[in-house]
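Trainee: Below: sequence and its predicted model.
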Amino acid sequence: RVTVTGSRPTSLPIEIPTATEAVTREAIEQRINATDSSDALKYLPSLVVRKRHIGDHDHAVLASRASGTGNSARSLVYADGILLSNLLGNGASFTPRWGLVTPEEIERVDVLYGPFSAAYPGNSAGAIVDFVTRMPERLEAHVKLKGFFQDYRFDRGEERYRGHQGSVSLGSREGAFSWWLALDRLRNEGQPLVIARGLVPPALSGAGTPVSGAVPGRDHLGRNVVHFGSTAQTDTRQDHAKLKLAYDLTPTLRASYTLGWWANDAERGADTALRDGAGQPVFAGTVNIDGRSVNLGNTTFTESRGRFEHLAHGLTLKSHERDTWDWELAASHYDYATDRVSTSATALPAARDGGIGRLVDGRGTGWTTLAAKGLWRPQGLQGAHLVEFGLQRDAFRLRSREFTTTDWTLDANPTLTSRFEGETVLSSLWAQDTWRFAPGWRAVL
């Protein structure tokens with residue numbers, strides 16, 4: 001018995017004059033110790049994900065050779081047609097929603113470099129990444145457990161930060177119907193991301209509380225500074241659930257639905273290296289370091305807590321005749337069901353028990369995409385022309401409100417201080433024709 005299994009070589013347009021790269025599920029399992037979907041891009045050329053620690057949810061932006069980490073909106077990330085890129089802003093904090101895809105469900109990852117296809121909007125200047133997730137052909141179940149740790153030292157001995165991850169997935173196919181259910185939980189302690197510091201005053205002074213523990217150094221301009229301690233040490237707890245359903249209406253027409261849920265509770269702490277004469281930690285106030293007076297504000301060391309719950313829906317109807325005509329209808333919606341970040345404005349350590357603070361609420365933010373695509377082969381599969389065309393509508397909604405609170409740990413008595421709202425809609429009608437007019441030659445319009 002000989003069994004032949006075939007699949008489309010890529011999910012991206014291939015009849016265009018640009019470079020494409022791919023990594024398969026087998027390569028990810030064998031060569032990449034992936035903790036999330038962004039790790040699948042780790043060894044692809046001319047790409048980097050600015051991932052600072054495992055579970056980095058708000059700064060892990062995608063950069064390419066043509067577009068750096070400061071231009072996050074110049075690359076596009078999709079998963080089965082669902083837009084994961086956060087195009088509500090452009091910068092290090094507008095990261096793709098990597099948590100909506102787990103490494104276990106990836107069938108392949110395709111990357112197209114540069115804006116060489118009319119099928120994508122102007123945000124494709126850097127790269128287009130498409131995660132193709134798989135559906136089972138028979139009953140299968142998977143369980144995976146991981147553990148990790150890292151050592152870190154700043155000034156007062158060595159710290160060890162730990163994490164673990166567990167995932168369970170189950171799927172099957174009965175006739176024309178297939179389904180897949182995946183659950184994932186991640187807990188990780190990241191290293192501190194910011195070192196609190198201040199310039200060394202040129203004049204001697206006896207003002208302030210004498211402290212020890214400051215670490216001298218220089219900043220990027222060569223100026224003398226002292227390091228006070230560390231902030232933004234993240235403890236993240238993330239849960240992910242994914243349900244995928246597919247039904248073959250005919251041998252060449254498939255309908256599929258995807259529901260993704262991602263939740264994250266993240267706490268960011270701070271630790272001071274400064275100690276007073278009694279050995280107690282010092283977080284704020286005027287201190288005296290080696291005969292020089294330095295002022296520490298109430299927010300030199302801050303702590304914050306984030307609570308996030310995001311939902312994604314995707315629906316596609318796709319034909320694969322591999323004849324004169326093929327077509328696809330796709331719709332997706334991404335919703336910030338809960339998106340709250342509370343930050344202390346009271347000096348530590350008292351802030352750990354409450355006090356005034358700031359709340360940023362992004363609930364209601366999200367985006368919706370609609371797309372209709374067609375593919376025409378006038379002379380069949382071996383013909384000289386391949387014509388692709390489509391109609392798209394991408395709508396983005398920003399909702400952000402900022403409050404002051406009397407107790408930042410409880411978000412008590414919120415008072416609105418600012419509000420940001422906006423909507424952007426991109427509608428596009430596109431077409432491209434690839435003409436193979438001679439052996440080894442092609443022209444694309």
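Mentor: Ah, there it is.

Trainee: mind listing the strands for the stretch 51-200 of the chain?
Mentor: Along the stretch 51-200 of the chain, counting by DSSP state E, counting those that start in this stretch, strands occupy 62-64, 75-79, 82-83, 106-113, 127-133, 140-153, 158-174, 177-199.

Trainee: Any chance of those strands in TSV with mean pLDDT and distance to residue 224 as columns?
Mentor: Backbone N, C-alpha and C define where each C-beta goes, glycine included. Output for the strands of the stretch 51-200 of the chain, formatted as TSV (pLDDT from 0 to 100; distance: least, CB to CB, whole Å):
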stretch	mean pLDDT	distance to residue 224
strand 62-64	91	33
strand 75-79	92	40
strand 82-83	87	48
strand 106-113	91	44
strand 127-133	91	42
strand 140-153	93	22
strand 158-174	94	26
strand 177-199	94	7
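
Trainee: Give the full set of residues in contact with the residue nearest to residue 347 when sequence neighbours are not counted.
Mentor: Excluding the flanking residues, the one nearest residue 347 by CB to CB, 6 or more residues apart in numbering is residue 284, at 3.7 Å. Going by CB atoms under 8 Å, 6 or more residues apart in numbering, residue 284 touches 296, 297, 298, 300, 301, 347, 348.

Trainee: and residue 284, backbone torsions?
Mentor: The phi/psi pair for residue 284 (degrees, to the nearest 10) reads phi -150, psi 170.

Trainee: Report how far apart the opening and closing residues of stretch 82-92 are.
Mentor: Across its full length, stretch 82-92 reaches 21 Å end to end, with CA to CA, to the nearest Å as the criterion.

Trainee: just how off-centre is that stretch within its chain?
Mentor: Centroid separation for stretch 82-92 versus its chain: 9 Å, with CA atoms, centre = their mean, to the nearest Å.

Trainee: Stretch 323-330 too?
Mentor: Mean-position distance between stretch 323-330 and its chain equals 31 Å (CA atoms, centre = their mean).

Trainee: Could you export the strands of the stretch 51-200 of the chain as JSON lines, including mean neighbour count?
Mentor: Shown next, in JSON lines, are the strands of the stretch 51-200 of the chain (neighbours: other CB atoms under 10 Å):
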{"stretch": "strand 62-64", "mean neighbour count": "24"}
{"stretch": "strand 75-79", "mean neighbour count": "25"}
{"stretch": "strand 82-83", "mean neighbour count": "24"}
{"stretch": "strand 106-113", "mean neighbour count": "22"}
{"stretch": "strand 127-133", "mean neighbour count": "24"}
{"stretch": "strand 140-153", "mean neighbour count": "12"}
{"stretch": "strand 158-174", "mean neighbour count": "15"}
{"stretch": "strand 177-199", "mean neighbour count": "18"}
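
Trainee: And those strands: which comes nearest residue 276?
Mentor: Distance to residue 276, taken as CB to CB, is lowest for strand 177-199 among these, at 16.8 Å.

Trainee: Give the partner strands of the closest one in its sheet and their orientations.
Mentor: strand 158-174 (antiparallel), strand 224-250 (antiparallel) (DSSP bridges).
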